[in-house]
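Asks: coordinates only, sequence not included:
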């Protein structure tokens, strides 16, 4: 015991309210907690590559690997065991298969289609989300087709529609257009419905910003070295927030079932505004640069990596996100399953 000084009874402080009472013990903190992260909130993005029994590390994303289709099925099994609801697939396309029009995106035997079929055959209970954009398939690294230095909107949408149908035929549960072309959600919805894919959902990358945080992702899918120019003519200006609301409203009107904000942590204000305005299923993508920063700082001993990971994921829930695409998904799920 210490002889700590006590406050005089007539001290003119309002001590009727003591918020620390609700923080005094773990059980009390749990009772009053406003937001909770569970495995149900996680979507695990994985990269697929040609070959068999291949697991190739992504140098700029510690602990992340490119997986051959058979190993993607192994990852799906791990996701099922960890109660992760869904996987999001992204391909590393062989450079020899890339061309200016992204033709490989329409190949029924491309990596994404083969991985989708294999995962759904082995684990039909897990959701498979497929990315709709041409950048993994084009020789210039853009999300659409080009004429000179211009990204052609309507011509790109026509190809994206065919890509969406290709993925739906392979068994994709959710089509996720990340291209940011105008009008693509309505065109994709009409095409899906026209082929009888009435229950295939659309998760629109509705507010996708032209961000500096995508670098490691472009390493992972092999587009960083080939990208011609930048994507500022179709991805959003990081300075804008009202525009994000217009983009989201447009995609919902066109038939999107879910909307996404990308990147995540630098855009928590956008997530909050979107959820508050539309009350629609809203997702955040904790992108490769966010992941790489936390991992790098943790490996340098500058912060506690596990605590930073969980805090960052909880921040998305607090901002209003219904779910999070994150490369931390398996690690976070393991901790959540243990009750950490």
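Replies: Yep, that arrived. Not measured: the values here are computed from a predicted model.

Asks: Helices of the stretch 51-200 of the chain, start to end?
Replies: Under the criterion DSSP state H, counting those that start in this stretch, helices of the stretch 51-200 of the chain are mapped to 69-81, 111-122, 153-170, 184-194.

Asks: Turn these into a markdown table, including distance to residue 147.
Replies: Bear in mind the C-beta positions are built from the backbone N, C-alpha and C, glycine included. Shown next, in a markdown table, are the helices of the stretch 51-200 of the chain (distance: least, Cβ to Cβ, whole Å):
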| stretch | distance to residue 147 |
| --- | --- |
| helix 69-81 | 35 |
| helix 111-122 | 26 |
| helix 153-170 | 8 |
| helix 184-194 | 18 |
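
Asks: Out of those, which gets nearest to residue 49?
Replies: Nearest of the helices of the stretch 51-200 of the chain to residue 49, taken as Cβ to Cβ: helix 111-122 at 7.2 Å.

Asks: Counting by contacts, list what the closest one packs against.
Replies: The contact analysis (3 or more Cβ pairs under 8 Å, 6 or more residues apart in numbering; DSSP states H and E) places helix 111-122 against strand 42-48, helix 69-81, strand 86-91, strand 127-132, helix 153-170.

Asks: Now it: buried residues?
Replies: Within helix 111-122, the residues that qualify as buried by neighbour count (16 or more other Cβ atoms under 10 Å) are 111-120.

Asks: if we can go back for a sec, nearest to residue 319, of the helices of the stretch 51-200 of the chain?
Replies: Minimum separation from residue 319 across the helices of the stretch 51-200 of the chain (Cβ to Cβ) falls at helix 184-194, 23.2 Å.

Asks: in that closest one, what counts as buried?
Replies: Going by 16+ other Cβ under 10 Å, helix 184-194 has these buried residues: 184-189, 191-192.

Asks: Widest-spaced pair of the residues you listed?
Replies: Using Cβ to Cβ, the buried residues of helix 184-194 span at most 12.0 Å, a distance reached by 184 and 192.

Asks: Give me the below-cutoff pLDDT ranges for this structure.
Replies: 1-14 (pLDDT under 70).

Asks: show me where the protein has strands.
Replies: Under the criterion DSSP state E, the chain contains strands at 42-48, 55-57, 65-67, 86-91, 127-132, 146-147, 150-151, 174-177, 201-208, 258-262, 282-286, 323-326.

Asks: contacting residues around the second one?
Replies: The set of residues that contact strand 55-57 without belonging to it, under Cβ atoms under 8 Å, 6 or more residues apart in numbering, is 49, 64-68, 71.

Asks: Next: the longest one.
Replies: Contacts made with strand 201-208 from outside it, assessed by Cβ under 8 Å, 6+ apart, are listed as 129, 173-180, 185, 188-189, 192, 235-236, 244, 247-248, 250-252, 255-262, 267, 270, 274, 283, 285.

Asks: With the fourth one instead?
Replies: In this structure, residues lying in contact with strand 86-91 by Cβ under 8 Å, 6+ apart are 43-49, 72, 75-76, 79, 110-112, 115-116, 119, 126-131, 136-137, 173-174, 176, 217, 220-221, 325.

Asks: ok, back up a step: residue 100 is nearest to which of the strands of the chain?
Replies: strand 146-147 (6.7 Å).

Asks: So what are the sheet partners of that closest one and their directions?
Replies: Here strand 146-147 has these sheet partners by DSSP bridges: strand 150-151 (antiparallel).

Asks: how near is residue 143 to residue 302?
Replies: Going from residue 143 to residue 302 by Cβ to Cβ, to the nearest Å gives 35 Å.

Asks: what about the two, which has more around it?
Replies: Neighbour count, other Cβ atoms under 10 Å: between residue 143 and residue 302, residue 143 has more, with 27 against 10.

Asks: quick one: residue 284 and residue 266 touch, right?
Replies: No - using Cβ atoms under 8 Å, residue 284 is not in contact with residue 266; the gap is 10.8 Å.
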